[in-house]
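[1] Turn this into a structure:
(4 chains)
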2 protein chains.
Amino acid sequence: MSRKRWRAVKEIRIADVARLAGVSTATVSRVLSDPDKVRQKTHDLVMEAVRRSGYTPNSTAQKLRTRRTMNVLVVAPRLTNPVFAETLRGVDDELTQSGYGIIIGNLDNRREREARYVDLALSRQVDGVLLLTGYIPENGTRSMRESGLPIVAMCAAIDDDMIPNVVVQDREASRRAVEYLARLGHRKFGYISGTPGSIIESERFGGFLEGIAAAGLSQDEIVRWEGPFVFSTGVAAAESFLQMTERPTGIFAACDESAIGFIKRVRSERVRVPQDVSVIGFDGIELSDYTEPTLTTFRQPLHELGRAGADTLMKLIRKEMKPGDWNVRLPLELLERDTTGPVLHKDYKSLRRATI
Amino acid sequence: MSRKRWRAVKEIRIADVARLAGVSTATVSRVLSDPDKVRQKTHDLVMEAVRRSGYTPNSTAQKLRTRRTMNVLVVAPRLTNPVFAETLRGVDDELTQSGYGIIIGNLDNRREREARYVDLALSRQVDGVLLLTGYIPENGTRSMRESGLPIVAMCAAIDDDMIPNVVVQDREASRRAVEYLARLGHRKFGYISGTPGSIIESERFGGFLEGIAAAGLSQDEIVRWEGPFVFSTGVAAAESFLQMTERPTGIFAACDESAIGFIKRVRSERVRVPQDVSVIGFDGIELSDYTEPTLTTFRQPLHELGRAGADTLMKLIRKEMKPGDWNVRLPLELLERDTTGPVLHKDYKSLRRATI
DNA sequence: CATCAAGATGTAATCGATTACAAAGATCGA
DNA sequence: TCGATCTTTGTAATCGATTACATCTTGATG
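    Below you'll find the model as predicted:
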């Protein structure tokens, strides 16, 4: 096992390559960035010197001079959220194609982390910002916007002329969820919330209420359980549900995880899904197709959303559009699976029991 | 709706602040980076000017001058992998504390993407590299190492003196998984693989074989199903399993997802877990506690792993250690849950049936 | 062959900070 | 008050590229 002493290798600068090729630094630079501007012969000479020396341009110097960092900041609510991960894949696909890199801004659901990323943006370490969270506060967003930095909001809509929104139709889908359950005969509803205070949660709850109203029901009829976008929120909701004497028959969960947590808990107490209670989720995460029974839910077009957001940001950075020019609202797809079914009326239910 | 014409705001440079405060740029710089070096009065004067002008230092210029980018590259196999996401959280915690940022290198399981990130590293956009993947090829790793860039390997061990390894004890845990099943009386084993060719997979399969040997069994006794680290690999394995006449009774899956896929599929054909077949997973993802039945598995200390890896990289960057000085191998924790149980011998099984 | 335009290359300013070194100012004891 | 010493501040070089402008080649054309 040879143990050479560690030591930094001397850096090769553009001047070294120029000397090696017998040309000026300007020529080397031109060969690398705009080859048509130099004679073929010189081009080959320089490339050979580049190859021999193993030169790689110092991107920091390039950035300083060109004022383009080729990086964008992606602010995320929580890294372990699968919805976020899938969106990020779409973002990554698009940005990589354009030669941009991703700097991760992970809030980890703690608002105090925002300041750090606002600073990052303001110190011009990035050419643009993608907000995958509804958490950046009004004044943080404002100072970023005022600095002229391109921003795209991919959380639920931010109401700001200067910030294009690329979002999914949360509100519409939530309303449709209720309508769907109502069409199956459900009249008593439960709502399992997402992280209280987040824009996404309020959009989804808003849509849910619209659906309730559209079905001609009063808000007094509904039950609402609060908690963040995680499994255990559904489990807690189930505990409460199990205590009730007049149970709702139609449950809308603001995310698939809580829907799954709910179902698992109630089934362990011999409550049948969908015979005793119908559950509809939101997101369409991969797992929702692997539960027992498979989950009825709305699939978010996350990959597409990520690409669309990144594409919009690219357009903004390249000044191919102005902020007000563009808003995208992608539709969700209802996946009718096995956790929803028609309401079984009491008599029908006993009838059915008798025949089994 | 007012629509002002969009226009970049003029940048404020350190010279502007200096002029505003009536001092030199050197003084402003000192106030910001080493306040003890200036008189209190000057300090206040400068800070007031900073505040009034809304100055934020241009970090690109700082980087060029100080030769520190305060960014590290994290190379990941696939963003949507929950194991990766959880590790990244640990990395993020540690790096944020040290003021470092994360640039994401997403391979998305495609090797051809490596080149891009090797370039990124070589062009000194980052101060160090964390490899969360076993995919960076030998020559990519070598050129990064030769450039003197600090690297830490957090995939399974890379055999290179110059690269510290911070890993979990994959091999040992896999061996223990077999031992555990053997102690429950199992003699016929099945192995559901992870992504063929990845270092992680070969470590886990290696450990599995060690366990088989330790149990005094021959390799002929085992069945091996191949596929990537995803649900569907387990489903496919289950299809094959269901066709068999002499089925294995002890299944080791190289990741929780495939274990869950397997269980779901066999249960839908009325195979009972753990009575008919015991299944043990690997990773300990959150979901493994929400399946029916709950999954016996090895929990990786992912958050800790992420922190340890990032900490090691920090030490390397600050030259507080040399690459050969340090290797970490974290143990895994066996979570004994409900998908494993003793082998039921035929006679015992019928006896048991009779009593029910 | 002279002239001129187009093309290729070189020179040096520039991006915006940090910091070595020089210069000026404060402090103190004799 | 004077110089010695220590603090504070300013001047200008520097990091490593890009690029406007100047200069030199080349080649075409009358």
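[2] my read: residue A:109 touches residue A:195, true?
    Yes. The pair residue A:109 and residue A:195 passes the contact test of CB atoms under 8 Å, sitting 7.1 Å apart. In short, each C-beta sits where N, CA and C put it, glycine included.
[3] which neighbours do the two share?
    Shared contacts of residue A:109 and residue A:195 (CB atoms under 8 Å, 6 or more residues apart in numbering or on different chains): A:77, A:228.
[4] For these two, indicate the residue with more neighbours.
    The residue with more neighbours, out of residue A:109 and residue A:195, is residue A:195; 21 against 16, by other CB atoms under 10 Å in any protein chain shown.
[5] Can you check what pLDDT the model gives that one?
    Looking at residue A:195, its pLDDT is 89.
[6] element containing the nearest residue to residue A:35 once chain neighbours are set aside, please.
    By the measure of CB to CB, 6 or more residues apart in numbering or on different chains, the closest residue to residue A:35 outside its immediate chain neighbours is residue A:43, 5.9 Å from it. Following DSSP states H and E, one finds residue A:43 within helix A:40-53.
[7] residues in contact with that helix?
    A:12, A:16-18, A:20-23, A:27-28, A:31-32, A:35, A:38, A:55.
[8] what about that helix, near DNA strand C?
    Yes. Using CB under 7 Å from any atom of the strand, helix A:40-53 reaches DNA strand C at A:41-42.
[9] and that helix, which residues are buried?
    A:42-43, A:45-47, A:49-50 (16 or more other CB atoms under 10 Å in any protein chain shown).
[10] okay, among those, which ones form the most distant pair?
    A:42 and A:50 (12.3 Å; CB to CB).
[11] what sits against whichever residue of the stretch 251-356 of chain A sits closest to DNA strand C?
    As assessed by CB to the nearest atom of the strand, DNA strand C sits closest to residue A:317 within the stretch 251-356 of chain A, at 17.4 Å. By CB under 8 Å, 6+ apart, residue A:317 lies in contact with A:127-128, A:150.
[12] Let's see the pLDDT reported for it.
    93.
[13] quick one, phi/psi of it?
    For residue A:317, the backbone dihedrals are phi -60, psi -40 (criterion: degrees, to the nearest 10).
[14] Need phi/psi at residue A:189.
    phi -120, psi 150.
[15] Please report the distance of it from residue A:264.
    20 Å (CB to CB, to the nearest Å).
[16] Likewise for residue A:29?
    61 Å.
[17] For the residue lying closest to residue A:57 once chain neighbours are set aside, the count of nearby residues, please.
    Distances taken as CB to CB, 6+ apart place residue B:123 nearest to residue A:57, at 6.0 Å, with adjacent residues excluded. For residue B:123, the neighbour count with other CB under 10 Å is 16.
[18] same deal with residue A:200?
    So residue A:200, with other CB under 10 Å, has 23 neighbours.
[19] That one contacts residue A:193, doesn't it?
    No. When contacts are counted by CB under 8 Å, residue A:200 is not listed as touching residue A:193 (10.4 Å).
[20] Check which helix or strand the residue most central in space within chain A maps to.
    Centroid-nearest residue in chain A: residue A:84, 3.8 Å away (criterion: CA atoms, centre = their mean). Taking DSSP H and E as the definition, residue A:84 sits inside helix A:82-97.
[21] Give me the contacts around that helix.
    So helix A:82-97 is contacted by A:72, A:74, A:76-79, A:101-102, A:130, A:132, A:154, A:255, A:283, A:285-287, A:300, A:302-311, A:314, B:79-80, B:82, B:85, B:104, B:106, B:108, B:113, B:116 (CB under 8 Å, 6+ apart).
[22] May I see the buried residues of it?
    In helix A:82-97, counting by 16+ other CB under 10 Å, buried: A:82-92, A:94-96.
[23] could those residues be laid out in CSV, adding pLDDT?
    CSV is the format used below for the buried residues of helix A:82-97 (pLDDT from 0 to 100):
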residue, pLDDT
A:82, 87
A:83, 91
A:84, 91
A:85, 91
A:86, 92
A:87, 95
A:88, 95
A:89, 94
A:90, 96
A:91, 96
A:92, 95
A:94, 96
A:95, 95
A:96, 92
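[24] what's the closest of the contacts of helix A:40-53 to residue A:64?
    residue A:32 (16.7 Å).
[25] Pretty sure the closest one sits against residue A:57.
    Yes. Here residue A:32 reaches residue A:57: they are 6.7 Å apart, a contact under CB under 8 Å.
[26] in chain A, what spans have low per-residue confidence?
    When residues are selected by pLDDT under 70, those of chain A lie in A:1-10, A:134-139, A:156-157, A:345-356.
[27] Domain map for it?
    A:14-57, A:70-168+A:302-331, A:170-300+A:336-355 (automatic domain parsing).
[28] Could you confirm whether the shortest one reaches DNA strand D?
    Yes. Part of domain A:14-57 sits near DNA strand D under the criterion CB under 7 Å from any atom of the strand, namely A:14-15, A:25-26, A:28-30, A:32-33, A:55, A:57.
[29] So which of those residues wins on neighbours?
    Result: residue A:28 is most packed of those (other CB under 10 Å), 28 neighbours.
[30] tell me which element it is part of?
    helix A:25-33.
[31] Look up the closest residue to residue A:122, ignoring the ones flanking it.
    Residue A:122's closest residue in space is residue B:56 (CB to CB, 6+ apart), at 4.5 Å.
[32] In three-state terms, label the residue in the stretch 51-200 of chain A positioned nearest to DNA strand C for me.
    DNA strand C sits closest to residue A:65 of the stretch 51-200 of chain A, with a gap of 3.7 Å, by CB to the nearest atom of the strand. When classified by DSSP: H, G, I helix; E, B strand; the rest coil, residue A:65 comes out as helix.
[33] residues near residue A:196, how many?
    Neighbour tally, residue A:196, other CB under 10 Å: 11.
[34] From residue A:29, how far out is residue A:57?
    8 Å.
[35] Identify the contacts common to the two.
    With CB under 8 Å, 6+ apart as the test, residue A:57 and residue A:29 both reach residue A:14.
[36] gap between residue A:118 and residue A:145?
    The value you get for residue A:118 to residue A:145, if CB to CB is used, is 11 Å.
[37] of the two, who's got more company?
    residue A:118 (23 against 18).
[38] would the more buried one count as being in a helix?
    Yes. Assignment of residue A:118 by three-state DSSP places it within a helix.
[39] Any residues of the stretch 1-150 of chain A in contact with DNA strand C? List them.
    So the stretch 1-150 of chain A meets DNA strand C at A:22-27, A:30, A:37-39, A:41-42, A:61, A:64-65, A:67 (CB under 7 Å from any atom of the strand).
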